[in-house]
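[1] prediction below, plus the sequence it came from.
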Amino acid sequence: SCMEAKVGFTPPCLDCWLDNMVCGVQKCVFTCLKSQYIDWDPKNHADGKINRCYECDEKLCGPAFLQCSGTNRRRQGIRSDLSRDDEKELCQAVDVDWNSYA
């Protein structure tokens, strides 16, 4: 209820986000712990790749999140703290400039 109250998610949207967080914990927790605390794997690499933790989440949890929510930040043209090739990986045709809300 904290996310619903503070972030303003609708119940169906909240379910998508919570399912995605649970998926990340269930499927990627050891990859993420190793990436963060043993290998010191940065979020972004010089070659443009993301670290193994985020890669795990995108591969193992991303498809279910897209199915549930219908979209993600990249599809909405929203930049995050993960470096992306804007020309190749960030949708350029969106109806709302979500970056103006940052």
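    Sure thing, it's come through.
[2] who's in contact with the closest residue to Ser69 other than its chain neighbours?
    Leaving aside its sequence neighbours, Ser69 sits nearest to Cys16 (Cβ to Cβ, 6 or more residues apart in numbering; 4.3 Å). For the C-beta atoms, the positions are set from N, CA and C on the backbone; glycine is no exception. If you count contacts by Cβ atoms under 8 Å, 6 or more residues apart in numbering, Cys16 has them with Phe65, Cys68, Ser69.
[3] by pLDDT, rank those and give me the bottom one.
    On pLDDT alone, Ser69 ranks lowest of the contacts of Cys16, at 85.
[4] list the contacts for that one?
    For Ser69, the contacting residues are Cys13, Cys16, Trp17, by Cβ under 8 Å, 6+ apart.
[5] check Val25 too.
    By Cβ under 8 Å, 6+ apart, Val25 has no neighbours at all.
[6] which element is encountered next along the chain beyond the longest helix anywhere in the chain?
    When the chain is parsed with DSSP state H, its longest helix is helix 11-33. Downstream of helix 11-33, the first helix or strand assigned by DSSP states H and E is helix 52-60.
[7] got the angle between that next one and helix 11-33?
    Angle of helix 52-60 versus helix 11-33, following axes from the mean of the first three to the mean of the last three Cα atoms, to 10 degrees, is 130 degrees.
[8] following helix 52-60, which helix or strand comes up?
    Following helix 52-60 toward the C-terminus (DSSP H and E): helix 62-69.
[9] now that following helix: buried residues?
    The neighbour-count criterion (16 or more other Cβ atoms under 10 Å) identifies Gly62, Phe65, Ser69 as the buried residues of helix 62-69.
[10] repeat that for stretch 53-63.
    By 16+ other Cβ under 10 Å, the buried positions in stretch 53-63 come out as Cys53, Tyr54, Glu55, Cys56, Asp57, Glu58, Cys61, Gly62.
[11] distance of the residue nearest to Ser69 from Cys23?
    10 Å (Cβ to Cβ, to the nearest Å).
[12] ok, Glu55 next?
    Glu55 sits 14 Å away from Cys23, going by Cβ to Cβ.
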